[in-house]
Every structure is written in C-alpha cells, then in structure tokens.
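Engineer: Give me a model of this one.
(one chain, ligands or ions: 2)
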Amino acid sequence: MEKVIKIEGGHHLNGTVRISGSKNATVALIPACVLGNEPVTIYGVPNISDVQSLIVLLNELGVCVEKRDEETLYIDPTHMENIPMVSKAVSKLRASYYFMGALLGKFGHAEIKMPGGCYLGPRPIDLHLKGFEALGADIQYENGCYILDAKELKGTNIFLDISSVGATINIMMAAVYAKGRTVIENAAREPEIIDIATLLNKMGARIHGMGTSTLVIDGVDYLKGCIHEIIPDRIEAATYVIMAAAMANDMRIENIIPQHLEAIVMKLQEVGINMEVGSDFIHVFKSDKPLKRTEILTKPYPGFATDVQQPFTVLLTQCEGQSVVTETIYTERFKHCAELNKMGANIDVHTPSAFINGKTKLHGSKVTATDLRCGAGLVIAALMADGVTEIHDIYHIDRGYDNLDGKLAHLGAKMWREEVED
Ligand SMILES: CC(=O)N[C@H]1[C@@H](OP(=O)(O)OP(=O)(O)OC[C@H]2O[C@@H](n3ccc(=O)[nH]c3=O)[C@H](O)[C@@H]2O)O[C@H](CO)[C@@H](O)[C@@H]1O
Ligand SMILES: C=C(OP(=O)(O)O)C(=O)O
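Structural biologist: Ligands and ions are numbered 1, 2, ... in the order given. The predicted structure is shown next:
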C-alpha cells in the first residue's frame, strides 16, 4: 500500500496563508548549531521531514534536541560524539552534507556517506571537497563514505568555479575555526546563506560580506549559544503566490520578505497577475484578462530561482501562446513536464529548455511527484484540473512543505491523503 495525495480540482481559493520558516535555511542552521559549544534555540522551524531526518542525525551524534513548541528547537551539542554518519537518515536529504563542514570545522575529522535529496540531474559535491582541501583537509572516499581529516585548518583564498549554495555554506562552516582568514570568492548570495552566517556570527564567528560574492571569515576559537529566528521560506511563498495566481479569487500570502521574491513577482506581473506587494505580504486578486506568455531563465539569486521554475511552469500552461523556461542551474530539471502532459498540458522539452504551449485545459490524472518542486507543481495543477488528481511519491513533497494539507484546507481546497494499492 502507498499513501497518495488526492485533490479535487476546480475549487477557488480564498483567505490567508502564513509562510513557514525556510527549509533551505533550516537544514543548514541545524548542522551549524553543532559547531558551537553551548545550546542554541531556533524559532520558526518548519515541520517537514527534512527536519525530522536531521533530528535523527543529531540524536545519533549524541546532541540533545528538544522541541520546545511546534516551531522551536533547542539544540545542545555539549556532549556530542563525532561518530561516522552512515545511517539511512543521511541519504534522506541533501543537506546532510552540511555535517561535513560542521564536523570537520569542529573536530578536524568527519566521516559521512553521500547525501540524498532531489534528483535534478547530476549533483556533484566537488566544490565542497576542493574547498575543504584548500583549508588543509585530506579527503578519502572508502566504501561509499567520505573521510575528511585535518590536523589544523588554515584560512586561505578559495575561488568557487560555480557560485554553489551548498559549497559556500559548507566551506564557511569549516572555516569558522580555521587559523587566520578565509576568503570565498564567487560565493553564492542566496538569502539562506546570510541567515546561516547571521546565526554563526551570533554564536561568535566573524563572517563578513554576507549577501555579496566575497565572503570573508576570520577564524575564532570558541562559539557560544544564542537564539535565532529563521527567515521565511521564499520558495514556499512563491509556491503559494503561484497557486493564488492560478486559483484564487482573493488570497493573501503572509510572513514573507518581498525582496527575496522580486524576480518571481516581476514574472507574475509580466504574465498579467493582479497583485499587491506589501511590506511582509503579497495579496493576489482574480483578473478575467487572459494571461500572457513569457520566457524564464533560472539563475542564482537574485535571479529567478530554479526551485520555483517547476511550479511556475504549471501557471504557464494557462498563458496564451508559447512560453519558454530555460534552466541554467539543473539542465535536466524537467521531469514535471511529462507528468503535466498526462494532465493535458502541451509541453515539449529540449534540454535545457521547456516549451509550454498554452493555454491548455488540465484534467485529473494519476501522476508522480518525481521530486519536491515537481510535487508542488502537481498540487497546483491538480487544484486547477477538472476532476480528481492522484499524486504518488508524496514523501518528496513532505520534505519541504510545512502543513500543506492544513494550509490548503484553510484556503478552501479539497485535498486528502489515501492509502492505495502499490
Ligand atoms: C538544501 C538546499 O539548499 N538546496 C538548494 C541548493 O542545492 P545545492 O546547494 O545542492 O545546489 P548548488 O547551488 O550547490 O548547485 C548549483 C549548481 O552547481 C553545481 N555544483 C554544485 C556543487 C558542486 O560541488 N559542484 C557543482 O558542479 C550543481 O550541480 C548545480 O548545477 O541550491 C540549489 C540551487 O539554488 C537549490 O535548487 C536547492 O534547493
Ligand atoms: C532541490 C531542493 O532541495 P534539496 O536540495 O534539499 O534536494 C529544493 O528545495 O527544491
């Protein structure tokens, strides 16, 4: 038996939805907490399966974790043990790789198997490893496990060939205790990186240049405890704004940082979505004008986020004419298109682009969430479709959307989970 999500389409959405803490910040903040020597309390933790997997990993490392309330985690690494990280939980998410930087930084030694996460085409970690080596680590790969060792990490200049989010955060974590100054050039500038650096600085690290492409980290000897509030999830926010654009009469998306969504808002306005952008909310109103085609090119922040292109593609099926989405980050991130075609969309994929021929009527079908944002896109498509859509492999969706069922029910959607034969 398999649990699936079923959605009866055609019901308009109305009301307010509150965006949760950022998945991609949280999954790095939690490993960052173990770098310290005292307890850290983090607020705004989303209830998603990636966080549950990280809690399993923290428990295995002997870190004391207490859930103080629905959204608050207390993490005390005082008695942690640096054991090899080879359990199943490591491969349940991408972000387990942040324990490489955290453990190497703190103990000069880390043993960890390959991380998991969404398959979006190849996702190498060579830049993380090159960064650790530049800081003085020796790296071996044995029996599916990376073994990182360093007598002493020394600050150095590191140029990233690609401004990788994961490599930037991982190298930053490894460098906080390194002797002297580390400079990361061509660093990624995503808001989540600023959030991690902010936490580390509250703990006593000396990181400068967050939000620019040059990060400077001056090594320190000790990191203390602190409290920290996670930034809102810009990808979850974008998902709900697109959902509102597709199906709402009148819907307000709250607890957002609009600056984090500028590229997405511009594209929504370009296709003709009627919206008001406030200081910490976006309000979407129904418009009866036909939606216009557009072209999207995914780019590192502040460009159009690759994590939003899959949900946005669903909206493009409702635009008149041919829209084009081109991926520059993950050139194979188009598995959602075949699933959307099963629902009546007309999308041709010629990597690295998808050509979306609109406008097409969508109908309920059996589809598979091949990855997290494909799943989010299918939820939006199902809300628009005639009839009932059955979404399989929903564990991908649960990796990144806090209380999806409750939020959608509150907005007036008809969604439920059901056990079906495999
Ligand atoms: C947990 C998390 O935060 N995940 C996000 C993070 O993933 P992640 O950190 O894995 O993505 P990166 O920014 O590292 O990847 C960007 C590009 O660089 C390439 N690359 C990356 C590292 C490396 O060592 N070698 C290399 O070639 C990747 O294959 C990809 O083409 O950023 C992605 C890009 O915004 C998002 O889609 C993911 O949601
Ligand atoms: C690809 C994503 O996540 P991860 O890197 O955790 O697989 C995502 O959040 O869209």
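
Engineer: Could I get the contacting residues of Y146?
Structural biologist: 100, 110-114, 129, 139-140 (Cβ atoms under 8 Å, 6 or more residues apart in numbering). Quick note: C-beta positions are derived from backbone N, CA and C, even for glycine.

Engineer: and the closest residue to D161 other than its chain neighbours, what does it touch?
Structural biologist: Distance criterion Cβ to Cβ, 6 or more residues apart in numbering; nearest residue to D161, sequence neighbours excluded, is L127 at 6.5 Å. Applying Cβ under 8 Å, 6+ apart to L127 gives the contacts 160-162, 164, 167.

Engineer: Mind putting those residues into JSON lines with secondary structure and pLDDT?
Structural biologist: Converted to JSON lines, the contacts of L127 look like this (DSSP: H, G, I helix; E, B strand; the rest coil; pLDDT from 0 to 100):
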{"residue": "L160", "secondary structure": "coil", "pLDDT": "98"}
{"residue": "D161", "secondary structure": "coil", "pLDDT": "97"}
{"residue": "I162", "secondary structure": "coil", "pLDDT": "97"}
{"residue": "S164", "secondary structure": "coil", "pLDDT": "98"}
{"residue": "A167", "secondary structure": "helix", "pLDDT": "98"}
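
Engineer: Please tell me which one of those counts the most neighbours.
Structural biologist: Highest neighbour count within the contacts of L127: A167, with 27 neighbours (other Cβ atoms under 10 Å).

Engineer: thought that residue was touching R123?
Structural biologist: No: in this structure, A167 is not within contact of R123 by Cβ atoms under 8 Å, at 11.4 Å.

Engineer: overlap in contacts of these two?
Structural biologist: Joint contacts of A167 and R123 (Cβ under 8 Å, 6+ apart) do not exist.

Engineer: And what about the residue sitting furthest away from the middle of the chain, helix, strand or coil?
Structural biologist: Distance to the chain centre peaks in the chain at K151, reaching 33.4 Å (criterion: Cα atoms, centre = their mean). Assigned with DSSP: H, G, I helix; E, B strand; the rest coil, K151 falls in the coil class.

Engineer: doesn't F107 make contact with it?
Structural biologist: No: between K151 and F107 there is no contact under Cβ under 8 Å: 11.7 Å.

Engineer: And the strand or helix carrying N249, what does it pack against?
Structural biologist: Assigned by DSSP states H and E, N249 belongs to strand 248-254. If contacts are counted by 3 or more Cβ pairs under 8 Å, 6 or more residues apart in numbering; DSSP states H and E, strand 248-254 sits against strand 13-18, helix 234-247, strand 281-285.

Engineer: how big is the angle separating it from helix 234-247?
Structural biologist: 170 degrees (axes from the mean of the first three to the mean of the last three Cα atoms, to 10 degrees).

Engineer: Output strand 248-254 as CSV, nothing but the C-alphas.
Structural biologist: What follows is strand 248-254 as a C-alpha-only set of coordinates in CSV (Å, rounded to 0.1, in the frame of the first residue of the first chain):
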residue,chain,number,x,y,z
ALA,A,248,-7.6,32.4,-6.1
ASN,A,249,-10.4,34.9,-6.1
ASP,A,250,-8.7,36.8,-3.3
MET,A,251,-5.7,35.4,-1.3
ARG,A,252,-3.1,36.9,1.0
ILE,A,253,0.3,35.3,1.5
GLU,A,254,1.8,36.5,4.8
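
Engineer: who does it pair up with?
Structural biologist: Its sheet considered, strand 248-254 pairs with strand 13-18 (parallel), strand 281-285 (antiparallel) by DSSP bridges.
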